[in-house]
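1. model this:
(2 chains)
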Amino acid sequence: MSEALQIHPEVAVGHDAHHNGDHGHHHQSFITKYVFSTDHKMIAKQFLITGMIWAIVGGLFSVLFRLQLGYPGQSFPILETFFGHWAEGGQIKPEFYYALVTMHGTILVFFVLTAGLSGTFANLLIPLQVGARDMASPFLNMLSYWFFWLAGMVMLASLFVQTGPASGGWTMYPPLSGLRQASLGSKIGADLWLVSMALFIVSSLMGGLNYISTILNMRTKGMSMTRLPLPMWAIFFTAVLGVLSFPVLLSGAILLLFDRNLGTSFFLSDIVVNGEILPNEGGSAILFQHLFWFLGHPEVYIILLPAMGMVSEILSVSSRKPIFGYMAMLGSLFAIAILAFLVWAHHMFVTGLNPFLGSVFVLLTLLIAVPSAIKVFNWLTTLWRGNIRFTPGALFSIGFVSLFISGGLTGIFLGNSTIDIHLHDTMFVVAHFHIVMGVASMFGMFAGIYHWFPKMYGRYLNSTLGYLHFWVTIVGAYLIFWPMHYQGLAGIPRRYLDKSSWLSFNGFHDLDKMITVVSIVVFAVQLMFVFNFFYSIFKGRKVTTTNPWGANTLEWSTPINPGHGNWEGEIPEVHRWPYDYGKDGRDFIPQTEPIGANESQH
Amino acid sequence: MQTFFIVAILVLGFLITFQIAKASEYVGIMRGEEKARKQTNKINAFLLLVFLIAGMIGVYYCNERLKGKILGAPASDHGVHIDNMLYITIGITGIVFFITQIILFWFSYKYQESDTRKAYYYPHNNKLELIWTVIPAIALTVLVGFGIFYWFKITGEAPKNAMVVEITGSQFKWEFRYPGKDKILGKKYFKKIDDAANNPLGQLWEDPANHDDIYVSGEPMHLVLNKPVKLVIGAKDVIHDVGLPHFRLKMDAVPGTPTTMWFTPTKTTKQMKEETNNPAFMFEISCDQMCGKGHTNMRGEIVVETQPEFDAWIMSKKPKYFAAFPDKDPATQKADTAKAAVAPVAMNTMK
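-> Residues are numbered from 1 along each chain as shown, chains lettered A, B, ... in the order given. So this is what the prediction gives:
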């Protein structure tokens, strides 16, 4: 495809006429179609399925360490069968526990909720919703997936090395992660973690630049920026956040690699470890935290924004009403994206940060609550006087809003430095970010999968299993994480694998058991979803209409199984915003329909 | 064998669920997709309402079960501020939580699909949007105002009369140092750390301020009731964190970058034992920053006592300087001269 022409949508439309469908009819070998594909839809599926495999691994790890938390001291012989000396006598060793926790965090945050979520839906939806035949650079897009795959392979390899994978927590704070002597996971495992992360960042940058340039340059005729569906805006801001902040993590990772292997002292100073006096002087361990959280905080929004965008779209479609306050939704996305860069030090209130600087970060952090509140109220108003169809996608979207409220409000506790002194690094934090970033984004992802599965595979997911999936997951998520806040209020630090030697933290045995049992059930139901997913790809009920949800956006104007190039014939022209639901007595008016002569203004 | 049965039951349960799900799909198609869809819609709408009500009961029940297990009244003046801030925040966010969750699930239930209703085309309303921008902004201004007010109180300079205690974390223990009579902690340098030479903190002996510094490890830190204390916090190897849950305080211990934190204990350990009805009660120091395999058990203790009790305790301690240089110890010198006069033979065997 001629990209020079594609840059100007007006010109491109004429050009596409004789060009249409070519790609669909190319003879493609297995390798070019399924492996080294440059079709954005196939790349999206690759991201999704890889993400799902990682999610199973990361989820399984959480079940394992929940076993330890719920039943400390109890022996599970099966663990020794599978993990050998890491679980001698059927008990999880501390080193193993910390490796599991670290990998759970790394895998879920980066591989599942960054690559699996925005990689999937940015790739799938951008060309389909802006009206383009593919990404601005399909080849770079393909490389983006394969760098992600490579990052995954390096991480996977680190699970099998003799001394185990990185185990300093997903935040990898040095000196713990910088000193081989400090823990088993800080040996080769930490190097592999850093290399894997560097590869992942390369992947994320290639993807992000592609998303930005496609959304800016390749919109079809009539698709002005304010006619973009909200997932596009959300993904656009996500990509901008990623492009500006991931390089900072890369610098941190590389400097840490230098400290580990070349004897530099960026993060190391005044250290005596196991009686050995190290020569490093003048470094700052806190510097790494600044570099890490300058990505780490935007990362939270990199995960959350695409979910917000998809939820906005799905809630509007399923309540048969326009999204309430499109411009306010867009403005709040913009505000969140800007503020995301200005709040990173709220993760560092108790590092000895200058108290005045701390107070500035309190102000900026709590400011984020304003655009977040706007979004919540707009979603609620979207439901008001709607005619809601509870597809599994719609239910997951409603669940997302509920979780976002719950987790967002506890963020107001933690963002306020005064309360953070007590709650910092306790189970309260674990409960907070799992609800708002982990489970909520997961819900956004599930909503997206249920909603766009027909577009991906031309079949439906089984909706009975979908309903079961939703109900067990939302009940389970609240059962797991709601009471966990109380553990945090009691001051129980995170990453404690056995609280029995503590007088202050010892009162939660029953709760820990309950959480463990529920998390096993929830994990089993996720496996059921995975089964439903793969089964439905091949055996699901077939989609018989191009627009099964009665939606306005462009992706539903493509054939049921679009080829490479998406539209047969010309790319349709866009005449209106994507949310004309229930207007002038009509159920929905697709974006491609010209404005009628006596149509009412909104 | 047991594992095998559990797996078999799980697989069986899964297969049954799957078959039912599959069958319901076929039944739906046979009975007319539209009709079946509308029925499931009703069920899900009802379940959303049930979830709301059950959830609210759950929130209440959870609070009843667990509120007694969170630490009780704070044992420091800063702790009182932090708890105040916590309750203000719980109050404001609690109201928002209940209102928004109820609206969310109630709307979902009430506006479920119905043949008799048409969705209302309502794309925006500037007045409404302004209202829910301004109200959260005001609420947050209140929270930020209180928060920063307390924050500066807590992180401000320690009072002049504060006693100073140094606390040093390393894998996986806490060590304490008291400044002694001169009230000054002597200088130290990490390269001088040498456990074998009785210098676990790397004190520079050429600094006379070090000569009366008292080193304590393997037993609780002692603090004085109602006397402000400033902790000087450091670490030897990796980042640790001094967490004092009963005092509601926390500060990282960073190798190479000393940090400080001050507070005033307002309850003695004895008092707490009575209040909690737990004769084993101790104030605990937890490590709150992941520091390696022993992180979970990096536990320290604090005893808060009256001034006379504290004085008696500290008098029983000897400066580390005398352990490193026994010949400088006035006690040994006295003993030396005494023993030299009485029993020179015994002295020889001691050396």
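2. quick check on B:S76: phi, psi?
-> The phi and psi values for B:S76, taken as degrees, to the nearest 10, are phi -140, psi 160.
3. what's near enough to touch it?
-> Counting by Cβ atoms under 8 Å, 6 or more residues apart in numbering or on different chains, B:S76 touches B:L244, B:H246, B:F247, B:R248, B:L249, B:F263, B:T264, B:P265, B:T266. Any C-beta I mention is one placed from the backbone N, CA and C, and that applies to glycine too.
4. mind doing that once more with 7 Å?
-> Residues in contact with B:S76 (Cβ atoms under 7 Å, 6 or more residues apart in numbering or on different chains) are B:F247, B:R248, B:L249, B:F263, B:T264, B:P265, B:T266.
5. secondary structure for these - can I get that in a markdown table?
-> Converted to a markdown table, the contacts of B:S76 look like this (DSSP: H, G, I helix; E, B strand; the rest coil):
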| residue | secondary structure |
| --- | --- |
| B:F247 | coil |
| B:R248 | coil |
| B:L249 | strand |
| B:F263 | strand |
| B:T264 | coil |
| B:P265 | strand |
| B:T266 | coil |
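6. okay but B:G147 is in contact with A:T418, surely?
-> Yes - B:G147 is within contact range of A:T418, at 4.8 Å (criterion: Cβ atoms under 7 Å).
7. more neighbours: those two, which one.
-> Between B:G147 and A:T418, A:T418 has the larger neighbour count (other Cβ atoms under 10 Å in any protein chain shown), namely 31 against 25.
8. ok, and which of the contacts of B:S76 reach chain A?
-> B:R248, B:L249 (Cβ under 7 Å from any Cβ of the partner chain).
9. would you list the contacts of B:S76 in JSON lines and tack on neighbour count?
-> Formatted as JSON lines, the contacts of B:S76 follow (neighbours: other Cβ atoms under 10 Å in any protein chain shown):
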{"residue": "B:F247", "neighbour count": "30"}
{"residue": "B:R248", "neighbour count": "27"}
{"residue": "B:L249", "neighbour count": "22"}
{"residue": "B:F263", "neighbour count": "23"}
{"residue": "B:T264", "neighbour count": "20"}
{"residue": "B:P265", "neighbour count": "25"}
{"residue": "B:T266", "neighbour count": "18"}
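10. between the contacts of B:S76, which sits nearest A:K583?
-> Of all those, B:R248 has the smallest distance to A:K583: 55.0 Å, by Cβ to Cβ.
11. do you know how far the closest one is from B:I154?
-> Distance, B:R248 to B:I154, by Cβ to Cβ, to the nearest Å: 9 Å.
12. so what sits against both of the two?
-> Listed as contacting both B:R248 and B:I154 by Cβ under 7 Å, 6+ apart are A:I421, B:H78.
13. Three-state assignment for the residue in the stretch 351-500 of chain A positioned nearest to chain B, please.
-> Residue nearest to chain B within the stretch 351-500 of chain A (Cβ to the nearest Cβ): A:G491, separated by 2.9 Å. On the three-state scheme (three-state DSSP), A:G491 is labelled coil.
14. what is the burial count for it?
-> A:G491: 26 neighbours (other Cβ under 10 Å).
15. what pLDDT is listed against it?
-> Note for A:G491: predicted pLDDT of 94.
16. contact partners for the closest residue to it other than its chain neighbours?
-> Nearest non-adjacent residue to A:G491, counting by Cβ to Cβ, 6 or more residues apart in numbering or on different chains: B:P245, 2.9 Å away. Residues near B:P245 by Cβ under 7 Å, 6+ apart: A:G491, A:S504, B:L71, B:E284, B:S286.
17. could you redo the last one with a cut-off of 6 Å?
-> Taking Cβ atoms under 6 Å, 6 or more residues apart in numbering or on different chains, we find B:P245 in contact with A:G491, A:S504, B:L71.
18. equivalent analysis for A:I212, please.
-> A:A239.
19. phi, psi for A:V161 please.
-> According to degrees, to the nearest 10, the main-chain angles of A:V161 amount to phi -70, psi 160.
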